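K.L.:
Quick check, what structure comes out for this input:
(chains A, B and C, ligands or ions: 3)
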Amino acid sequence: MSKRGRRGGARSRNDGWEESGGYMAAKKCKLDIQYNEMVSLEQTKEGTSSNIFNGISIYVNGYTKPSSDELKRLMMLHGGKYCHFFSKTNCSHVIANNLPDSKVKDWKYVKTVKPEWVTDSIKAGKQLSCTPYTLYVAPSVMQPTINFAKVSEDQRHMSETATVCKAQSVCNTSTHVPSTNVQKVNQNAQTKDSRNEGFIKEFYDNSRLHLISTLGAEFKDFVTKLHQTGEKVFPGRQRLLEHGIYAQSPSKQEQVIMHIDMDSFFVSVGLRNRPDLVGKPVAVTHSKGKMVQPREGTDFEYELSHWKGFSLSGNTNLDADTKQELVRSSVELEKSVSMAEIASCSYEARQAGVKNGMFMGPARKLCPNLVPIPYEFEGYREVAHILYNVVASYTHHIEAISCDEMFIDCTDILQSTGISEEQLASTIRDEVKDKTGCNASIGIGPNILIARMATRVAKPNGQHLVHIDDIQHFIAKQLAKDLPGVGRKTCIKLQALGVTTCSDLQAISLAKLQKEFGAKLSESLFEFARGKDDRPIQMEKERKSVSAEVNYGIRFKEQTEVTRFINDLAEEVQTRLRRLELKGRTLTLKLKVRKSDAPKETIKFLGHGICDSIAKSTQLISPTDDAQSISKQCLALIKILNVEPEDYRGVGIQISRLERNDKLASKSASILKYMKQGTNIPDTASVHIPKVLPDLPTLKLDNPEPGGHASVPKQAKTPTGIAAQGSSDYMVSPSQIDENVLQELPKDIQDQIRKEMRLHQMKKINTAAGGKQTQEDVVPKQETLSISSLRQSPTIKSPKKKSPSKNSPKIFKVPKGSKVVKKKKLSPKKIVFQDPNQHEIPPPVRHNKTSIDVSIKPVVSSQPEEIEFCGARSINEVKLLIKEWLYNTDTPLQEDILMLVEYLVQLVVAKNLEEVYLLSKFLHRHVLRIDTGEWKRAVDIIEQKVNDVIHSIYSSKLKLSN
DNA sequence: ATCCTCCCCTAC
DNA sequence: TAAGGTAGGGGAGGAT
Ligand SMILES: Nc1ccn([C@H]2C[C@H](O)[C@@H](COP(=O)(O)OP(=O)(O)OP(=O)(O)O)O2)c(=O)n1
Ligand SMILES: [Mg+2]
Ligand SMILES: [Mg+2]
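P.N.:
Numbers count the residues shown, from 1 in each chain, chains lettered A, B, ... in the order given. Ligands and ions are numbered 1, 2, ... in the order given. Predicted coordinates for the structure are as follows:
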């Protein structure tokens, strides 16, 4: 049933075809093991050693005059290093006799020289210049290797389009490179945080999590394309046939799933050229191993007690107390800890209790001998590419999970080749090992779940097959916390239920599970505990969002710094969207804000510490990928959220409701603009509106907001209900309600609206003066903003503190000279309003539909200039214009839409609701005729937007549709 | 019922 | 010092 397929067993079978397979890897497959001994051997050996190759790492390609073995020996003898596997990060020089086309790309960042450079240098007793030995592109014979054309192409493409993390230095292995040591001397003066220019790039260049996210996304995309368009050519599978590895079990019709995952991925890559560390506890981390004194102003106890679990001692399912104790004791004992995270640790380190994601300090306590090794971002990328290419040479039936992990459905491979699961697994593992120097483990089972769980058993460097008949036996003894979907929280709940193993879990009824967990999780727990899983292998994954966030190094003092950072981050989002050729309709701003009682200094240097998370989203008027629009919306949201600059600890921007970027649409000119300008501007000269208007109002749609977005001006007073929830500090300040609606409008209109709002607010307050309803009236039942934590926070500016900017925060003060006059008075016709919030309706009428007499509005007013829409004044003119626009445009441009919104809003402000109403109906009617999704959405947005403003002023909405 | 927004959780 | 990103599933609760 289940056996640990060891490499040795498979090896003999492979020997046959490796020779003739033509893989470059096959040439050097046996070298790695010997390396360790040889190093020590060579070092103790007497003879003419030197250090002329100090800082040099060579990779030998192809057949060379002195053999690669000999070159290796020479390098070791003369202070250089020898790489078994090429990587930009590890190898400073490639030694070869010729330079094949296929390698040019890979090698373009390193020196490629002939072997004589080595031998001559040794003869000369010094390192000679490479120049005379440099190889140039020769139209040489491409090795007629397996024709991977398609895959390789894609692979290269991936490498190119990827956000390239700059290779720090050509050779950053442990051997120091004297010449490049100059690097970070000048920048020490000041700490680099979010206020510094270029911080975002520097951060991303050093973020492992960013790297694995990026890589993961690339591979998902790669597999998607592979499946959609890839030629179904499987050289690997072909080889299996040719070399007669076939067995005799043709009647496999059960599904067979494999889960392939690199062993301690980052560590494996890092150890490729550090054979001396193999077998030792090793961790990949930014920490160099020096202990770090706690800084002034940090509060260790505080962070310990509030810590959400994940960070301080690792992403484990241990209970919080244990971890706290661990951290606390390591602090007490050592008096200093490194708060650098461990990305990956070797299995030796795991034995001591070290886990991926743990901080270095606590890890050191668990494992005093833990050896830190540096990141090698390029190496991870390369190895991951090879992994995926190897697997893709056997099947395209792949589900990419991450850069080091995937599922494959190998039912058809087994069918068509007749080999066994174990044979296939070891073949793949061997090939990966040969080509990358890293171990992969494989779990095999009849479904995804079992394959995944089998990998745990297989690791490290093994494979494990679970036959369908053994599922029950196998799953029963697995730990429940290892089931997919069971993380920290769920684990705690399971513990409370007395569940440890899947066997325990089986004893819990579905009903009981549902009391503790949600519907979905309950169901999957129930099924998984029995080894059942019907999830299919998903080869094609459609992305649903694009985001960029930074929760490290965020420190601001001034709002201007926040603004600048948002601009930069929006730029980053734009870059990502454009690279993916996507635009989005929904924008979400995510902030991390220092918890009110958290110290300003975090334990971790520039970390985010203990925070509240806030998210706020907004609809974009049209699919957007434009940095300016994005930034503008974010800033509007930020204004609403009203956070003290000093309390920001994290910022993120997410774009969702994605659409493919239709390049055609963006080319169409703005008709309205055209007409408008046409009246003023003689001719074609500059008829075309610059694509990016500096203040292009990429509309943001204020979301109608669950619980009633704070579109109604409120008095600052907090109702008890909300206060009890403790989140009142996050309350939107009255002057900023609908800020993001207002933001988009011209200043003068903004001001008018604000005045109107205040006026109406007064009225309302007066009306409801004695009534109890007031409370509800003034503040929405449900908090508008999402605050992950219900705690109070001093973090948010109270409204009055708000800078004395253009928005007067005073609600009660009637603006002097308040003058708003409707331009033309229409008949006092009744208009139907739809009340968004019945209970907010002022006393007289309490009904779903409320009639408001249009004529009540104009009290004071003045509208100095006529309101006009592209020159059109009368409603009929406007209608004509709209019609022309409607029937001559396929996709409405957002600037046009905005212009109309602007016009309608002016009408609203001028209290000409009737016209607004008529125009809306008109628009509706005609759009129905056109019947395009684009136009429907546009009209929705227009109406929503206009209604937001109406709502702000009247606390009711105009019923527009029909 | 079904949608949407905001949140939490999980995974790598 | 240190580089705590990113995407998706899913649930609660309000709007429609
Ligand atoms: N908290 C984490 C988890 C993972 N990773 C990175 C480093 C890992 O090497 C890589 C792959 O994650 P895995 O979960 O596959 O873990 P490893 O490959 O390190 O170990 P294993 O042998 O358990 O797969 O992702 C990380 O940076 N931080
Ligand atoms: Mg792994
Ligand atoms: Mg993995």
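K.L.:
Please report how far residue A:643 lies from residue A:191.
P.N.:
Using Cβ to Cβ, to the nearest Å, one gets 22 Å for the distance from residue A:643 to residue A:191. No exception for glycine: its C-beta is placed from N, CA and C like everyone else's.
K.L.:
For my notes, confirm residue A:224 occurs in a helix.
P.N.:
Yes. Residue A:224: assigned to a helix according to DSSP: H, G, I helix; E, B strand; the rest coil.
K.L.:
what's near enough to touch the residue nearest to it when sequence neighbours are not counted?
P.N.:
Once flanking residues are discounted, residue A:224 sits nearest to residue A:540: 4.5 Å by Cβ to Cβ, 6 or more residues apart in numbering. The neighbours of residue A:540, taking Cβ atoms under 8 Å, 6 or more residues apart in numbering as the test, are A:223-224, A:227-228.
K.L.:
and what of residue A:402?
P.N.:
Residue A:402 neighbours (Cβ under 8 Å, 6+ apart): A:212, A:215-216, A:219.
K.L.:
on that earlier part again, as a markdown table, the contacts of residue A:540 with pLDDT and neighbour count would be great.
P.N.:
Below are these laid out as a markdown table (pLDDT from 0 to 100; neighbours: other Cβ atoms under 10 Å):
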| residue | pLDDT | neighbour count |
| --- | --- | --- |
| A:223 | 98 | 25 |
| A:224 | 97 | 19 |
| A:227 | 95 | 16 |
| A:228 | 93 | 10 |
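K.L.:
of all the residues you listed, which comes closest to residue A:899?
P.N.:
Comparing the contacts of residue A:540 against residue A:899 with Cβ to Cβ places residue A:224 closest, at 39.5 Å.
K.L.:
pretty sure that closest one is in contact with residue A:541, am I right?
P.N.:
Yes. Applying Cβ atoms under 8 Å as the test, residue A:224 and residue A:541 come out as touching, 5.9 Å apart.
K.L.:
Now do residue A:238, the pLDDT please.
P.N.:
For residue A:238, the model assigns a pLDDT of 89.
K.L.:
Near whichever residue of the stretch 601-750 of chain A sits closest to DNA strand C, how many other residues are there?
P.N.:
Closest residue of the stretch 601-750 of chain A to DNA strand C, Cβ to the nearest atom of the strand: residue A:607 (2.2 Å). For residue A:607, the neighbour count with other Cβ atoms under 10 Å is 20.
K.L.:
again, but for residue A:191
P.N.:
The number of residues packed around residue A:191, counting by other Cβ under 10 Å, is 11.
K.L.:
Now for the nearest residue to it once chain neighbours are set aside: which residues touch it?
P.N.:
Distances taken as Cβ to Cβ, 6+ apart place residue A:606 nearest to residue A:191, at 7.1 Å, with adjacent residues excluded. By Cβ under 8 Å, 6+ apart, the contact list for residue A:606 reads A:191, A:193, A:552-553, A:555.
K.L.:
out of the residues you listed, which are buried?
P.N.:
A:193, A:552-553, A:555 (16 or more other Cβ atoms under 10 Å).
K.L.:
isn't the residue of the stretch 601-750 of chain A closest to DNA strand C right next to residue A:359, touching?
P.N.:
No. Applying Cβ under 8 Å as the test, residue A:607 and residue A:359 come out as separate, 10.3 Å apart.
K.L.:
where do the contact lists of those two overlap?
P.N.:
The contact sets of residue A:607 and residue A:359 overlap at residue A:339 (Cβ under 8 Å, 6+ apart).
K.L.:
which SS state does residue A:260 fall under?
P.N.:
For residue A:260, the assignment made with three-state DSSP gives strand.
K.L.:
Check the gap between it and DNA strand C for me.
P.N.:
Using Cβ to the nearest atom of the strand, to the nearest Å, one gets 19 Å for the distance from residue A:260 to DNA strand C.
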